[in-house]
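Engineer: need the 3D shape of this:
(one chain, ligands or ions: 1)
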Amino acid sequence: MLKVGLVGCGYWGPKLARNFHELPETELAWVCDFRQDRLDHLKALYPQVQATRDYTEMLASDVEAVVIATPVRAHHPLALAALRAGKHVLIEKPLAGSVKEAEEIVAEGERAGRVVMVGHTFEYNPAVETMRKIITDGELGDVYYINATRVNLGLFQPDINVMWDLAPHDVSLLMFALGLSPTEVSARGAIYVRPHSGLHEVVYLTLYFPNNVLADIRVSWLDPCKIRRCTVVGSKKMLVYDDIADDKILLYDKGVDIPPYSDTLEEFHLSYRTGEGIPYPVPWSEPLRGECRHFAECIATGQRPRSDGLDGLRVVKVLDMAQRSLINGGAREVLAW
Ligand SMILES: NC(=O)c1ccc[n+]([C@@H]2O[C@H](COP(=O)([O-])OP(=O)(O)OC[C@H]3O[C@@H](n4cnc5c(N)ncnc54)[C@H](O)[C@@H]3O)[C@@H](O)[C@H]2O)c1
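Structural biologist: Residues are numbered from 1 along each chain as shown. Just a heads-up that it's a prediction; the model follows:
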């Protein structure tokens, strides 16, 4: 049994706690939070767990792995302290608030010889895994472009903008599904509700991938409808992945073909394929369960996590350049890998 300690018991922490409690190969041994009411809540759910407001007390215990579910500004100091205490770490997304901090976490993990994993939950989402397979099997043909939307009347974060809050999901899932990293990025956005915060509440992010693949990501805390949808347009077929629909993936035999040759304008007709959206089978299981199990497996076997520290660093690099673009009025910024 892998003994796990969780720091950060706010909104997301209890979901991680439930999974580490329920998985047969892990034991939720410790929980830590500044707030006594959050510790009391978790103690009521899991009476056997040790609870503390003092992180150093948890690090001095026999937990082998620390899960960090605090706001992003605390990821870096908490992760470094855990690694220096010899613990494996699972850090919620985004890995850190800057490239420098993310690099330091990765370097400390290498030095300590411990597993560093980032909570890119969508990389463990069976619908995203299926989407990746459909793309890599060539069912869509060449991928032309992607549209991803993640909007609702969301929780305004006190310290990060909507892009750092929500877009890590889309950036990580697109890089995972395409098996590519973007070469350039641009972002535009606006602030309406908290004009003095400097924190954008709606952001339109464009990623330029190799092979002329274009991806647009829209994230907003200010939308009347909850939408979690990603459309992938390929030369042969098109795909819609809707994370809140019953049929999570619809495959469309839709597209436009150009006739091989035509001598006259009259002969020149684009030929349209207009197939219906056919539900594609997705074997469903809770993504967070898969993520937590994978973390335990990687510690047991020494294998590198799918969403390892370097994966987390890549996403932070994209967000960091996008932030530069946001400030520069949407200028295209080059990503050096
Ligand atoms: N993977 C996902 O789908 C997903 C979803 C939501 C949130 N998250 C991530 O989870 C993390 C937490 O988000 P949240 O919405 O739960 O935040 P939250 O503000 O609701 O909870 C954070 C908790 O951490 C505690 N905390 C902060 N600093 C601490 C410290 N140094 N020591 C001990 N406790 C500390 C706070 O008291 C609070 O209870 C963020 O990184 C967020 O991006 C991930």
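Engineer: give the buried residues for stretch 57-68.
Structural biologist: 58-59, 61, 63-68 (16 or more other C-beta atoms under 10 Å). Every residue, glycine included, has its C-beta placed from N, CA and C.
Engineer: contact partners of that stretch?
Structural biologist: 2-8, 13, 16, 20, 29-30, 32, 50, 52, 74-75, 78-79, 81-82, 85, 87-92, 115, 295-296, 299 (C-beta atoms under 8 Å, 6 or more residues apart in numbering).
Engineer: does the top helix by length along the chain reach the ligand?
Structural biologist: Determined from DSSP state H, the single longest helix within the chain is helix 309-327. No. Helix 309-327 is not in contact with the ligand by C-beta under 6 Å from any ligand atom; minimum separation 11.3 Å.
Engineer: for that helix, buried residues please.
Structural biologist: 309-323, 325-326.
Engineer: which strands and helices lie in contact with the helix or strand just after that helix?
Structural biologist: Counting by DSSP states H and E, the next helix or strand C-terminal to helix 309-327 is strand 333-334. Here strand 333-334 touches strand 184-190, helix 309-327, going by 3 or more C-beta pairs under 8 Å, 6 or more residues apart in numbering; DSSP states H and E.
Engineer: returning to that earlier point: in helices only, show me the contacts of stretch 57-68.
Structural biologist: 13, 16, 20, 75, 78-79, 81-82, 295-296, 299.
Engineer: get me the contact residues on the stretch 1-150 of the chain for the ligand.
Structural biologist: 7-13, 32-35, 38, 55, 69-72, 74, 78, 92-93, 119, 121.
Engineer: please, where are all the helices along the protein?
Structural biologist: Under DSSP H, the chain gives helices at 13-22, 36-45, 55-59, 75-84, 99-112, 126-136, 162-178, 287-301, 309-327.
Engineer: show me what the mean pLDDT comes to for the longest one.
Structural biologist: Spelled out, that is helix 309-327. Average pLDDT, helix 309-327: 98.
Engineer: so what does it touch, helix or strand wise?
Structural biologist: Looks like helix 309-327 contacts helix 99-112, strand 116-119, helix 162-178, strand 184-190, strand 202-208, strand 333-334 (3+ C-beta pairs under 8 Å, 6+ apart).
Engineer: how about a cut-off of 6 Å?
Structural biologist: Judged by 3 or more C-beta pairs under 6 Å, 6 or more residues apart in numbering; DSSP states H and E, helix 309-327 is in contact with helix 99-112, helix 162-178, strand 184-190, strand 333-334.
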